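**Student:** Okay, predicted coordinates and the sequence, questions at the end:
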Amino acid sequence: MSWSLVLALVWLIAANMLAMIPSRDNHWRRAYVLIAIGIPLLGWLTWENGPWIGLAALAAGVSVLRWPVRYLGRWISQKLGLAKPVPPAE
């Protein structure tokens, strides 16, 4: 087992442990740290183990960080003009 794969599994365990601890900011600070560590780790993992393992690790990371990914998707669709603006509640 390569070191990049071991570190990716440690990242997944740490992400799940951090998600279990209560947070005042809805885990956003932790998500930023996990993203900052996870992106280079994902690149290294893909470089050493190939694209299929990299895609599997990407899917695992997206499942852990699903809310930041949703907000990123909404932001991109708004910037591209694909999303309809949400009307204010009456």
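**Tutor:** Now that the structure is in, tell me what you want to look at.

**Student:** host element of Gly73?
**Tutor:** helix 66-80 (DSSP states H and E).

**Student:** as a whole number, average confidence for that helix?
**Tutor:** Taken as a whole, helix 66-80 has an average pLDDT of 87.

**Student:** just stretch 17-36 next, same as before
**Tutor:** For stretch 17-36, mean pLDDT is 90.

**Student:** Counting by contacts, list what the helix holding Gly73 packs against.
**Tutor:** helix 28-49 (3 or more C-beta pairs under 8 Å, 6 or more residues apart in numbering; DSSP states H and E). Quick note: C-beta positions are derived from backbone N, CA and C, even for glycine.

**Student:** Mind listing what's buried along the helix it packs on?
**Tutor:** Residues of helix 28-49 classed as buried by neighbour count (16 or more other C-beta atoms under 10 Å): Arg30, Ala31, Leu34, Gly38, Leu41, Leu42, Trp44, Leu45, Thr46, Asn49.

**Student:** relative to helix 66-80, how tilted is that helix?
**Tutor:** For helix 28-49 against helix 66-80, the angle by axes from the mean of the first three to the mean of the last three C-alpha atoms, to 10 degrees is 90 degrees.

**Student:** Now do the buried residues in the following helix or strand past helix 28-49.
**Tutor:** Next in sequence after helix 28-49, counting helices and strands by DSSP H and E, comes helix 51-64. By neighbour count on 16+ other C-beta under 10 Å, the buried set for helix 51-64 is Ile53, Gly54, Ala57, Ala60, Gly61, Val64.

**Student:** and the residue nearest to the fourth one when sequence neighbours are not counted, what helix or strand is that in?
**Tutor:** What that stands for is Ala60. The spatially closest residue to Ala60, leaving aside those adjacent along the chain, is Leu12, at 5.9 Å (C-beta to C-beta, 6 or more residues apart in numbering). Leu12 belongs to helix 3-20 when elements are defined using DSSP H and E.

**Student:** residues in contact with that helix?
**Tutor:** Applying C-beta atoms under 8 Å, 6 or more residues apart in numbering, the external contacts of helix 3-20 come out as 27, 30, 34, 37-38, 41-42, 44-45, 47-49, 53, 57, 60-61, 64-65.
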